[in-house]
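Peer 1: From the sequence below, what's the structure:
(chains A and B)
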Amino acid sequence: MACRLLWASRVASHLRISVTQRGFSSVVLKDLKYADSHEWVKIDGNKATFGITDHAQDHLGDVVYVELPDVGHSVSQGKSFGAVESVKATSDINSPVSGTVVEVNEELTESPGLVNSSPYEQGWIIKVELSDAGEAEKLMDSDKYSKFCEEEDAKH
Amino acid sequence: MSLSRAKDLRLPLMNLVRLKGSPILEQLHLEERLLRTSSDNWCIVNDGTNVPTIVMGMSGKPSQLLEVEAVMEDRIPVIKRFTGGGTVIVDKSTLFVSLICNKDDVPNVQPYPRSVMAWSGSLYDEVFKSVNGFQLRENDYVFGDRKFGGNAQSIIKNRWIHHTSFLWDYDVRNMAYLKLPSRVPQYRLVCSLFHLDLNVF
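Peer 2: This is a model prediction of the structure:
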């Protein structure tokens, strides 16, 4: 737990954002937005970077493959744009906001485990040019997402 | 349980589809379509497929998993499926069982691989309770030290599929088309079973 908090602090410092201290085991970064399907998004002007959250990677297990979209592909909020494979399962990755893919993380082809080891930094999945910046308002902030994860896990 | 009683108890319903000898490619097309476009729960049972076929998981690489020259020489069909997991060669003696569920209809199961497999393991515990040694071990179905069924899943936003190919019997010569995977579980034996009646559905 202490190692994960130290790692989170270093990531947050690099990204110049603050981190929420949680008694829960998953790391949630402030200043990111979150979808209820456990993707995170960092918005920078009219561009956004997505990935899956620490909560998601922890529950998925070791990621062995990431299916990436092509650059130029359109993504829509709430719809699948790719998948990760772990423990005999493929799991859809859903787009937190709509836009056009401008860059994919090619590192994930050779090193899919980056999604596990560095979900908010080296494990980013795609970058898009936003088509509707207002869509981000529908997403959760870090506090709401933390509560969402706790409630979800408490049900099972 | 009768349909009316199930409705009275407000239990979710599951549609059962029984097939015999359907080509595995057609079965997989059906499954993916039902997973992504239906809002019902489905159980698909296919008793054998028409020709021996190699089926790889989504990330499977033929050069790593198959004896490619032999596969091409003997013209064995190779399919890449939409779920994860490993490689299997299936034929008329394979029994396929697939479960497609809305996550809200199985509320005690989180839509993540290990949770789904824990649920399926308990389901098949009931199915095989008269047979000694059944367990879910390292994500495979085994009797003791012998793997007899591979399984795989695909999880989308509000639904998931868990499908299994039970090697009820198999031709040992077909195994020669497959290479040993790089990550090998402790057990490596696959057994040929005498036929069991499956009256669970």
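Peer 1: drop to CA atoms for contacts and neighbour counts, all remaining ones
Peer 2: Noted.
Peer 1: List the contacts of the residue of chain A found nearest chain B.
Peer 2: Using CA to the nearest CA, the closest approach of chain A to chain B is made by A:K88 at 3.7 Å. Neighbour list for A:K88: B:T83, B:G84, B:G85, B:G86, B:P113, B:N139, B:N151, B:A152, B:Q153 [criterion: CA atoms under 8 Å, 6 or more residues apart in numbering or on different chains].
Peer 1: Now intersect those residues with the helices, please.
Peer 2: The subset of those located in helices under the criterion DSSP state H comprises B:P113.
Peer 1: restrict the contacts of A:K88 to those near chain A?
Peer 2: Among the contacts of A:K88, the residues that sit close to chain A (CA under 8 Å from any CA of the partner chain) are B:T83, B:G84, B:G85, B:G86, B:P113, B:N139, B:N151, B:A152, B:Q153.
Peer 1: Show me which of these is closest to A:D153.
Peer 2: Nearest to A:D153 out of these is B:P113 (CA to CA; 14.6 Å).
Peer 1: Just give the number of residues close to the closest one.
Peer 2: 26 (other CA atoms under 10 Å in any protein chain shown).
Peer 1: That one contacts A:D62, doesn't it?
Peer 2: No. Proximity of B:P113 to A:D62 does not meet the contact threshold set by CA atoms under 8 Å, at 10.8 Å.
Peer 1: list residues touching both of these two?
Peer 2: Residues touching both B:P113 and A:D62 (CA under 8 Å, 6+ apart): A:S86, A:V87.
Peer 1: from chain B, which residue is nearest to chain A?
Peer 2: For chain B, CA to the nearest CA, closest residue to chain A: B:G85, 3.7 Å.
Peer 1: Next up, the contacts around that residue.
Peer 2: B:G85 neighbours (CA under 8 Å, 6+ apart): A:V87, A:K88, A:A89, B:M56, B:G57, B:M58, B:N151, B:A152, B:Q153.
Peer 1: Out of those residues, who's the most crowded?
Peer 2: In terms of neighbours by other CA under 10 Å, the contacts of B:G85 top out with A:A89 at 31 neighbours.
Peer 1: What distance do you get for it to A:E106?
Peer 2: 21 Å (CA to CA, to the nearest Å).
Peer 1: for stretch B:46-65, the distance to its chain's centre please.
Peer 2: In terms of CA atoms, centre = their mean, to the nearest Å, the centre of stretch B:46-65 is found 12 Å from the chain centre.
Peer 1: what about that stretch, near chain A?
Peer 2: Yes. Using CA under 8 Å from any CA, stretch B:46-65 reaches chain A at B:M58, B:S59.
Peer 1: Mind listing what's buried along that stretch?
Peer 2: B:46-49, B:52-60, B:62, B:65 (16 or more other CA atoms under 10 Å in any protein chain shown).
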